[in-house]
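1. Fold the following.
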Amino acid sequence: MLRSPLRSRGPRRTRSGGKSIAGNWSGLPDSFTRGIDAALNRRDQPAVGYLFKDDQYVRADSGYPLPIRGNWALFQ
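-> Okay, the predicted model is just below:
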């Protein structure tokens with residue numbers, strides 16, 4: 001499941017709770033629909049989210065998944 005916080009001036013809230021990734025996120029590789037290891041967004045790119053599974057990650061752009069090795073120097 002993945003929750004997405006609403007951006008508002010008040011307390012942080014979610015739209016309607018968690019939703020299953022499978023069937024709700026088109027275009028994800030099969031391995032990601034069975035679960036993810038981590039998710040994050042960067043302060044310098046708040047509209048872009050990253051999902052990590054095993055040794056790959058996806059981003060809210062086409063051309064993914066990509067290997068973590070060689071693309072995330074901080075984690076090597």
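
2. so where does the closest residue to D37 other than its chain neighbours fall, helix or strand?
-> Leaving out its chain neighbours, the residue that sits closest to D37 by CB to CB, 6 or more residues apart in numbering is F52, at 4.9 Å. The way it works is simple: take the backbone N, C-alpha and C, and place the C-beta from them, glycine included. Remark: F52 resides in strand 45-53, with elements defined by DSSP states H and E.

3. List the strands paired with that strand, with their directions.
-> Sheet partners assigned to strand 45-53 using DSSP bridges are listed as strand 38-42 (antiparallel), strand 56-59 (antiparallel).

4. and the residue nearest to D37, how many residues sit next to it?
-> Counted with other CB atoms under 10 Å, the neighbours of F52 add up to 18.

5. contacting residues for it?
-> I36, D37, A38, A39, L40, I68 (CB atoms under 8 Å, 6 or more residues apart in numbering).

6. For this structure, which segments are assigned as helices?
-> Remark: helices assigned in the chain by DSSP state H are 30-33.

7. got any ranges where it has weak pLDDT?
-> 1-18, 61-63, 76 (pLDDT under 70).

8. Could you double-check that I21 lies in contact with I36?
-> Yes: assessed by CB atoms under 8 Å, I21 is found in contact with I36 at 7.0 Å.

9. ok, the two, which is more surrounded?
-> I36 (19 against 16).

10. Distance-wise, check the more buried one relative to L51.
-> 5 Å (CB to CB, to the nearest Å).

11. repeat for A22
-> In terms of CB to CB, A22 sits 13 Å off from L51.

12. So what sits opposite the residue nearest in space to the middle of the chain in the bridge?
-> Centroid-nearest residue in the chain: L51, 3.1 Å away (criterion: CA atoms, centre = their mean). Bridge pairing for L51 (DSSP bridges) gives the partners A39, V58.

13. Now do R34 against I68, distance only.
-> Counting by CB to CB, the gap from R34 to I68 is 18 Å.

14. So between those two, which is more surrounded?
-> The residue with more neighbours, out of R34 and I68, is I68; 15 against 11, by other CB under 10 Å.

15. give me every residue that touches the more buried one.
-> If you count contacts by CB under 8 Å, 6+ apart, I68 has them with F52, D55, Q56, Y57, F75.
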